[in-house]
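Participant: Turn this into a structure:
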Amino acid sequence: MPKENPWAILEQTEPARLYARHTIVYLQEQTAVQFYYLVSGSVEIFLAAEDGAQHTLRLVQPGEPFGVASFFDGAPRVSSARTLEKSQIIPVNRRTLLRCFAMQPGLAVELLQSLAGTIRLLSAQVDAMAFLRADERIARLLTRLADETGAVHATQEELANLAGLSRVTVSRALARMEREGLVKRGYGSLVLRRRPPKQGRHA
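Facilitator: Next up, the predicted model:
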């Protein structure tokens, strides 16, 4: 029996807003007065450099909050968020959050876990960029993104952005992994058939 998502209480207390595809939800350097909960669709969290280059930090799936850290520390946001498809999103301000805590106290623990997950994610990305070869970055990324069935809901371009690699490099890595029986590729789909072997660090 699937675990009930405690964040779903937000759907009972606040109406969702409909965002069109490729709509900016928030931008770097903005002051955060709320965070967000994704009801449906998908959202990309990314960093933008002054020269226009962008790096994807994570892809938000339905049932997940995002933009949480800046909401609590009061500092300007360090990343931006935009929809990748038509999405329903609930903005959450302090008044709404306190009301949800009163109705479901366990949500506070979920919030702490979400913040811890963000820290762990950023740490893993820094580690990967510093120490791992391209194939190892992709293997680790797929393991993190795969759902309980092994399906990975991301395009090769999105995987390339998340891993900090070119799309060509990702395509070649996936082809090698498919020959080794680690993944199965289909049209617009990718399934992790078995977990890649653990790799050591490389200088």
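Participant: Phi, psi for Ser171 please.
Facilitator: With angles defined as degrees, to the nearest 10, Ser171 sits at phi -60, psi -40.
Participant: Next: the one 10 residues further on.
Facilitator: When read as degrees, to the nearest 10, the backbone of Gly181 gives phi 80, psi 20.
Participant: ok, and the closest non-adjacent residue to it?
Facilitator: Arg193 (6.2 Å; C-beta to C-beta, 6 or more residues apart in numbering). No exception for glycine: its C-beta is placed from N, CA and C like everyone else's.
Participant: Okay, that neighbour and His153: tell me how far apart.
Facilitator: 16 Å (C-beta to C-beta, to the nearest Å).
Participant: same deal with Phe46?
Facilitator: Distance of Phe46 to His153, given as C-beta to C-beta: 17 Å.
Participant: Pick out whichever of these two has more residues nearby.
Facilitator: Legend: neighbour count by other C-beta atoms under 10 Å for Phe46 and His153, higher for Phe46 (18 against 13).
Participant: how near is that one to Ile9?
Facilitator: If you go by C-beta to C-beta, the gap between Phe46 and Ile9 works out to 28 Å.
Participant: and if you look at His153?
Facilitator: 25 Å.
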